[in-house]
Each structure stands twice: as structure tokens, then as C-alpha cells.
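Undergrad: Could you look at this predicted model? Sequence included:
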Amino acid sequence: MTSHPAEAPPGPPNPRRAEILGAAAELFARRGYHGASIGDLGRAVGLTGPALYRHFSGKEAVLAEMLLDISERLLAEGRCRAADPDPGRALDALLNWHIAFALDNPALITVHERELDNVPEPQRHRIRRLQRAYVEEWVAVLRRLDPRPPDERARAAVHACFGLLNSTPRSAAQGLDRAAMAALLHGMARAALDGAAADSPLPDDASPDGRSGGRV
């Protein structure tokens, strides 16, 4: 099945804030949220700690905006790609989008997985809601591709797939070039998702092509 080219996600619009968020992602990924201070972050972008407060109210605000931005971008692009009327193309497009994001932003992936509990509750709740909506875009595409697996199975398969794709902070450091790594992740993830339905029995009233299998 032909897949769409992987595309890099657009960056945040404010260059200075984008620079601060990028530096924070690298620092938080390397040292952990609690191991990096506002002073460390300021020095990474050539600002004093007090000057940084002109852009963000504090370290929590930096982390919250970073993770909200990730979640919003993943969902917005995910919805566009999932809208393809051909579910096979939609799944390939979703895979290419997430793979491109994960390969281009390993520090963000690390922070996203590790530091969400340090985000204040209102923003954390919103991030969780965005994450769930992103998962459901994938689940809907899987169900269009094969209606046999129940939602719970499709959802579990998507989360397992994300575990693979979000391994890039470790797996992408093993010597493969970007194109080879992207192709490897795509092939493995597509095979895993296709296999999610392999052991799913048909509903009593359905056949493999989605038509009624009951008596007329």
C-alpha cells in the first residue's frame, strides 16, 4: 500500500517563545523537569532568569505550553489525515505523521511521556482530553479498515503502537539514517495494527466484508 511522505510538523508561531520551548524540551529531556531551573533555561537561550519571565510566568507555564502545543498539533494533523475516505491510506498517513514527529522531536517525546504529572491540573486535564481525542482518530480508522475488533481491542492496539513509535529517543540512536528508521517504524507499526484484528472473531451478524452474515 502506497504511503504519504512523512512531513515535519509546523513550529509555534512566536520565534522567541519557540526558541525557549525548544531549549526547555532539551533541558527537561536531559535533566528532568526538576533538574532544570529557570536560570538554566534562561542561560540556554541567552536570557537572565528575570528576563525569561517576560515570556513565561514560570517553569510550570513553559512545560504546560510545551505539552499543550504537542497535543494540539498531533490532534489537528491527525484529524486531517484520518479524514481520507480510504482507511488504508488514512492509516498510512497517520503513521507517517506520527513517525515524522517522533523522529524530528525526540526530546519532546521524552518530556511528553515523562513529565505530564508536573503540569498544573487545568492544563493537564486539557492535555489528557486532547490525547484521548487523538487516540480515537486512530481507533476510528482501524474500525473502518476492519470492523471486527471491538473498540477496546483497537484502542489497546493504538496505545501499543504509540509505544513503538515513541521509542525514537532510544531506537533512532542505533545508527540507522532517518529514512531507514522511518521505514522500519512504519513497517513494524503497520504490521502490528493489521495484526490487531487477526484473532478477532466476527460478530454473529457480520461477515468479513461487513455485510450481514445472518439468515435472510
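TA: That came through fine.
Undergrad: distance between the least confident helix or strand in the chain by mean pLDDT and the chain's centre?
TA: For the chain, counting by mean pLDDT, DSSP states H and E, helix 49-52 ranks last in confidence among helices and strands (a mean of 79). Distance, stretch centre to chain centre, for helix 49-52: 31 Å (CA atoms, centre = their mean, to the nearest Å).
Undergrad: which parts of the following helix or strand past that helix are buried?
TA: For helix 49-52, the following helix or strand on the C-terminal side (DSSP states H and E) is helix 59-82. With burial defined by 16 or more other CB atoms under 10 Å, the residues of helix 59-82 counted as buried are 59, 62-71, 73-75, 77-78, 81-82. Yep, even glycine has a C-beta here, placed from its N, CA and C like the rest.
Undergrad: And for stretch 37-48?
TA: Of the residues in stretch 37-48, Ile38, Leu41, Gly42, Ala44, Val45, Leu47 count as buried by neighbour count, 16+ other CB under 10 Å.
Undergrad: what's the answer for stretch 138-152, then?
TA: Trp138, Val139, Val141, Leu142, Arg143, Arg144, Leu145, Asp146, Pro147, Arg148, Pro149.
Undergrad: Next: stretch 15-33.
TA: Quick answer for stretch 15-33 (16+ other CB under 10 Å): Glu19, Ile20, Leu21, Gly22, Ala23, Ala24, Ala25, Glu26, Leu27, Phe28, Ala29, Tyr33.
Undergrad: Out of the residues you listed, which is nearest to Ala51?
TA: Taking CB to CB as the measure, Ala51 lies nearest Ile20 of the buried residues of stretch 15-33, at 10.6 Å.
Undergrad: So that closest one sits against Phe56, correct?
TA: Yes. When contacts are counted by CB atoms under 8 Å, Ile20 is listed as touching Phe56 (6.8 Å).
Undergrad: Give me the common contacts of these two.
TA: Common contacts of Ile20 and Phe56 (CB atoms under 8 Å, 6 or more residues apart in numbering): Val62.
Undergrad: Could you dump the buried residues of stretch 37-48 into a markdown table with pLDDT and distance to Ala133 added?
TA: Output for those, formatted as a markdown table (pLDDT from 0 to 100; distance: CB to CB, whole Å):
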| residue | pLDDT | distance to Ala133 |
| --- | --- | --- |
| Ile38 | 89 | 32 |
| Leu41 | 91 | 30 |
| Gly42 | 90 | 34 |
| Ala44 | 91 | 32 |
| Val45 | 91 | 32 |
| Leu47 | 86 | 35 |
